[in-house]
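**Student:** A structural model of the following input is requested.
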Amino acid sequence: MKCSLRSCWEASVLFWLGLLIHCGEARVLTEVQAGPLYRVVDTPLSISCNTSGFSSESIPKEFQFRIKKPANPDFEINIISTDDEKFSYAVYAQRVRAKTITLTHVSPNSILFEIQSLQKNDEGEYDCAVVNKESTYDGVYSVSTIVKVIDNSLSVSSPGPTSLSYNEGDDLTLICQASSNTVQHTHLALTWYLHKDNEDNARPIISLDRDLTVSPGQGFDERYKAGLIRLDKMGETTYTLKMAELELSDQGRVYCQAQEWIQDPDRSWYCIIQKDSEKTTLNVKAREVAPDTLSLVVRISAQETALQEGQELSLSCSVDTQNLEERFFSVAWLRGNVELARIGPTGILSVGPQYSVREKEGELRAARVGNRDYRLILQPVRTEDQGEYLCRAWPQDRDQNGAFTQGAAQDSSSQLISISATESGLTIEMQDTVSVNEGDRLNLICKVDGVKGQLSVTWQRKSESTAQFASVSLSQDGVMEKEGDFVNRKVRAMRPAADSFTLELDEVTPLDSGEYECAVSEWKSNSKTNSKSQTATVTVVPAESLVKLSLISRNNNVTVGDNVELMCRVRGPRMPITLTWSRQRDQPTLDNILTLYSDGAISWSGDQHRYQLKVQNKVNEVIHSLLINGASHREAGRYQCRVSVFLQNVNKKVPPSHPLAVMVHNRVSKLALTSPKTLTADINTDIEIKCSVTSERSVSSRYAVTWLFQQQAEEKVIVSSDRDALITFGPWMEQQHRQRISLRRTKGPRFELTIQQTQISDKGSYICKVVEWLPDPHGDWYQLSPVARTTLLTVTEPANDLRLDAKEQQQLVAREGDKVELKCNIISGASNPSFFYKVSWLYTGQSSLVINVTLLELDHTGLLRYPDNQALRDLQGRLHLTRPSQSSFLLGIQRAHESDSGTYQCLVDQYQLDREGHWQQKLSDSAGPIMLTVNVAEKNLSVVRNEQEWNVSRAFTIPCQITKQSSSESEFQVTWFWKKDSEAEQQPIFTAYRNSTLQDRRVAPISVSWVEEGCSGKVRIFNC
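**Tutor:** Modelled structure (predicted):
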């Protein structure tokens, strides 16, 4: 396997940084945002990175960013650098040049890495490295974080008409639906905005943040405190804006904005995506209001209080107060708590949602008939119209600018109206309760009987969750007309038979739940003669409660390389769904594998080429199978399938399946080894322990071997070789031992451990532990269980019987001046090469002051030493020690003196190296004493004497001839004398010393020389 130079460099640097951090606090510290960071595709990414601890904090540091992608996690791709424009690899170079990827200094020691628009293949592990320009490394220079790129699943919509018109003081209700299909745990925040025509930026009306805290926007806070503005969350996806008493300033374009937030590992919240709904144009019309009064009297009256079904109900309201002609009022009629109609101060009529259809069909009319009188007519009345009615009036005050202020309401007394059924015979029958699944079609049937004329029908929805009005009518001529929320819906009112009316509403949602009224009117000569109504309670079952998930597998416990099939069974009605497969590994967060959208599109996340998807449609379920082709440890983890139903642009999450663990095990090792059970080696010899693989091997197999030494139940690693044959010694192996150990891998494979110069401490059990490595389908290596074999090594050493040859006292006689040789021989134990010897020669002289004094010693390392002794310095200067053989030590004395006589003794110490490389003394022995006697040579000196006369007027020569000497080793000192006739004593002239030193003992110049003459040098002549 090849690696880049940078990777090798990093490995070395990290090793030393590890030591620095372990031994003490590092100086340089580089930090980056902790991951994983989940970000949405096509949105910006920013990663901050900073460093500290450099010697100069003010000099800008150079940074580099790289990425390792999931498809090849061992390969780094250069993205961008602050100091090298050519740093980027080709895959990122174009985006760097276009400045859609930037790296900017925030300060000299911190930078900000930014990608303007994330792509799916930008997912990976990002590495931030600071360039070290100092001479030493001390700290952390490179850190990494993981970025996950997920799909944008945020959906925001605002159902309803795109344009609305209201009067000032009316109430407004708008609905926003927001949902997300993100697998990770996220929070949604929602804000309603008002964008006025004359303003550049939209104003927030009211917000619900990610913690479900409601807060009003600037300029709306007082109305919020007064309860006039509300934001309600209904269910998981619906957000309702309610604005009471609209003002002219509320005119503009209203929309909602949803934000999806995720919590990063550093506990901070990050908005990963935001989206706006469609804009609704809101028009608010001004209207006048009357001034307030302190005394307001409201009365109600009816022409008839007991009516029959089909007759006319006439209710009059009168208002009385001071200065009535100068004041304005709003007047409303109510039955119970339901408002039928209201007349504003300018005479504009507004009808409550439950009566809007009847007002449109002419059944309800209201008007101001005098300064103080107001009248409401309802005809034909129905039996359900009976009850208590009252009038409510509000004084209105108008300022100079035309703005209106509404005063306190004043109610009249109640008026009881009773209505009895006629004898027309018209009856209506409808099912009381109806349940329908979300997304399906609602079908309501209204049966009629006793018909005497033409019929019309009006279907009206009375929703409990919204104030929005919705109705559809079918006239007696068969013309269908839709109003309110039904205008943009697929709704049909039909009369399939003479005795039945039907309502069909497609793609219902939970908001369609509520009370539906079927009102049938009987007509004669274009006049409505009778009306009957019946209600039914409709419940729309949410789609998420209809879909059930279960996750199964027949083989989720597999071996590396096996295939796995996970089946997500989706039961429930057929509807568009989005299905996501996710996996959880060591981290608590879920990672997306793929998302299958309702339109069939598939979005893959990261490196997922080992997965395949299969879909099977069955009668009662759809099975989504996730196939893992050749599972590895990367695919191990806890799997889940998640489904969200996508209806009306809203994602509705279904409870996820239970997690299913996929466990991937290594193959069972079939490795077989052979090695000798016992071995015996002599000390200080080389030993080779062989460990061979005998089983069949795979072509792709690699082996790692570890040799361990076991002694007294303790195992220590000697040396190991990984699958790439990189050899590492055990931590307890000291340098001197490592020089004796070698590991060789030969064909077979066979692993040979060689121990050089075995020592006694090497004996014990040697364990050969081999691990077989195989590549998984990704190419990542995984190990099988280890197999071990043990060899018992016995180290023997020869019999230790050091003996010297002479034990008795010896006598040795020599003449002065002779060369003397003293022998010391080892006769046992010297042949073993593991033994080393120290030899000492002891001397006892004739003087009582010199007793067993060491003359010299040759230690076991070969070092020769002369102990300092002033009395023996002359003798030590004439000593010569030799070792002609492994077992012999000879001590020579050059030019023996009589004073050299005495007792000489040889002492030998035996040494051996132990396992730790320390010298250990094994044995000692001494030879018998040697008595040396040096005799003085016999005096036999003879000099020729001649008497001669010379003429001293010139130079003359006086010979001095020695004819005999006591020894052939003798040296001479010659002195010439002369004596005057007038003097009694001789005077020295010149002395020639035996070391060839000449001394002139007179002032007069005299030359001296000597020559040797005669046979064998026995005659010597000295000339003066």
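**Student:** ok, the longest strand anywhere in the chain: who's next to it in the sheet?
**Tutor:** For the chain, the strand reaching the highest residue count under DSSP state E is reported as strand 527-541. Partner strands for strand 527-541, per DSSP bridges, with pairing direction: strand 433-437 (parallel), strand 514-524 (antiparallel).
**Student:** which one, of these, ends up nearest to Leu998?
**Tutor:** The stretch from those with the least distance to Leu998 (C-beta to C-beta) is strand 433-437; that distance is 139.1 Å. Where you see a C-beta, it was placed from the backbone N, CA and C, and this is true even at glycine.
**Student:** give the next helix or strand downstream of the closest one.
**Tutor:** Elements were assigned by DSSP states H and E; along the chain past strand 433-437, the next helix or strand is strand 442-449.
**Student:** could I have the CA atoms of that following strand written out in PDB?
**Tutor:** Output in PDB follows, covering the C-alpha atoms of strand 442-449 (Å, rounded to 0.1, in the frame of the first residue of the first chain):
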ATOM      1  CA  LEU A 442     -65.200  12.400   1.600                       C
ATOM      2  CA  ASN A 443     -68.600  11.200   0.400                       C
ATOM      3  CA  LEU A 444     -71.700  12.400   2.300                       C
ATOM      4  CA  ILE A 445     -75.300  11.400   1.300                       C
ATOM      5  CA  CYS A 446     -78.400  13.400   2.200                       C
ATOM      6  CA  LYS A 447     -81.600  11.500   1.700                       C
ATOM      7  CA  VAL A 448     -84.900  13.400   1.200                       C
ATOM      8  CA  ASP A 449     -88.500  12.300   1.400                       C
END
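**Student:** now the longest strand of the chain and strand 442-449, what's the angle there?
**Tutor:** With axes from the mean of the first three to the mean of the last three C-alpha atoms, to 10 degrees applied, the angle from strand 527-541 to strand 442-449 works out at 150 degrees.
**Student:** for strand 527-541, the averaged confidence score.
**Tutor:** Model confidence over strand 527-541 averages 86 on the pLDDT scale.
**Student:** for it, buried residues please.
**Tutor:** Judged by neighbour count (16 or more other C-beta atoms under 10 Å), strand 527-541 contains these buried residues: Lys528, Thr529, Asn530, Ser531, Lys532, Ser533, Gln534, Thr535, Ala536, Val538, Val540, Val541.
**Student:** swap in stretch 77-92?
**Tutor:** Judged by neighbour count using 16+ other C-beta under 10 Å, the buried positions of stretch 77-92 are Ile77, Asn78, Ile79, Ile80, Ser81, Thr82, Phe87, Ser88, Tyr92.
**Student:** cool, stretch 392-402 as well?
**Tutor:** Within stretch 392-402, the residues that qualify as buried by neighbour count (16+ other C-beta under 10 Å) are Arg392, Ala393, Trp394, Pro395, Gln396, Asp397, Arg398.
**Student:** so what's the residue count around Glu949?
**Tutor:** Other residues near Glu949 number 6, with proximity taken as other C-beta atoms under 10 Å.
**Student:** how about Asp859?
**Tutor:** Taking other C-beta under 10 Å as the definition, Asp859 ends up with a neighbour count of 16.
**Student:** just to revisit the earlier point, quick check: the farthest pair among the buried residues of strand 527-541?
**Tutor:** Based on C-beta to C-beta, the longest span within these runs between Thr529 and Val541 and measures 40.0 Å.
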